[in-house]
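Q: build me a model:
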Amino acid sequence: MLMTIGRLAELTGVPASAIRYWERHGLLPAPERQGGQRRYPPDAAERIVLLRKCQQAGLTLAEISEFQQEQPRREAMIRTKVAEIEQRMIDLDHAHQILSHALKCSRADIVGCPNFQAQMATWRQ
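A: Numbering: from 1, shown residues only. This is a model prediction of the structure:
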């Protein structure tokens, strides 16, 4: 069953203006029109969820566009992005360890804490 842009916006929590923007830039396929109104298939909602998740993961609109290309063309971008995300995960884990230690450590400056110094030494390996 086809739906209007308003219904699609309601289902996905994405403003209609963003949906139209993504269409203009080729990130969403052009919908069919009935009586001059856009009509979207149910899988348009899934594509929008994917677009939002890609944006939340830090992909730019250009990268999202590349992601939607044929397999050989998108592989290099995906490999680069996976490496960036893996590095961010490591950085976030270190930040989590620092903050968790700071909550438990009785020292005014955790840098002088031997336990914290031992933890930092493992990050350099």
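
Q: contacts, neighbours, all on C-alpha from now
A: OK.

Q: gap between the lengthiest helix in the chain and the chain center?
A: With residue count as the measure and DSSP state H as the assignment, the chain has helix 71-104 as its longest helix. Using Cα atoms, centre = their mean, to the nearest Å, the mean C-alpha position of helix 71-104 is found 12 Å from that of the whole chain.

Q: pLDDT averaged over it, what's the number?
A: If you average the pLDDT over helix 71-104, you get 89.

Q: elements contacting that helix?
A: Contact analysis of helix 71-104 by 3 or more Cα pairs under 8 Å, 6 or more residues apart in numbering; DSSP states H and E lists helix 61-67 as its packing neighbours.

Q: and the residue nearest to the spatial centre of the chain, how far from Val111?
A: Central residue check for the chain by Cα atoms, centre = their mean: the C-alpha nearest the mean position is that of Ala57, 1.9 Å away. According to Cα to Cα, to the nearest Å, Ala57 and Val111 sit 31 Å apart.

Q: can you give the domain ranges for this structure?
A: For the chain, the structural domains run 1-68, 71-125, going by automatic domain parsing.

Q: winner for burial among these?
A: Ranked by mean neighbour count under mean count of other Cα atoms under 10 Å, these are led by domain 1-68, which reaches a mean of 15.

Q: centre of the chain to that one, how far?
A: Between the mean C-alpha location of domain 1-68 and the chain-wide mean there is a distance of 15 Å, by Cα atoms, centre = their mean.

Q: please begin residue numbering at 223 from this point
A: In the new count, where the first residue is 223, that last one comes out as domain 223-290.

Q: related to what we said a few turns ago, beyond the longest helix of the chain, next helix or strand please.
A: Next along the chain after helix 293-326, taking DSSP states H and E as the criterion, comes helix 336-345.
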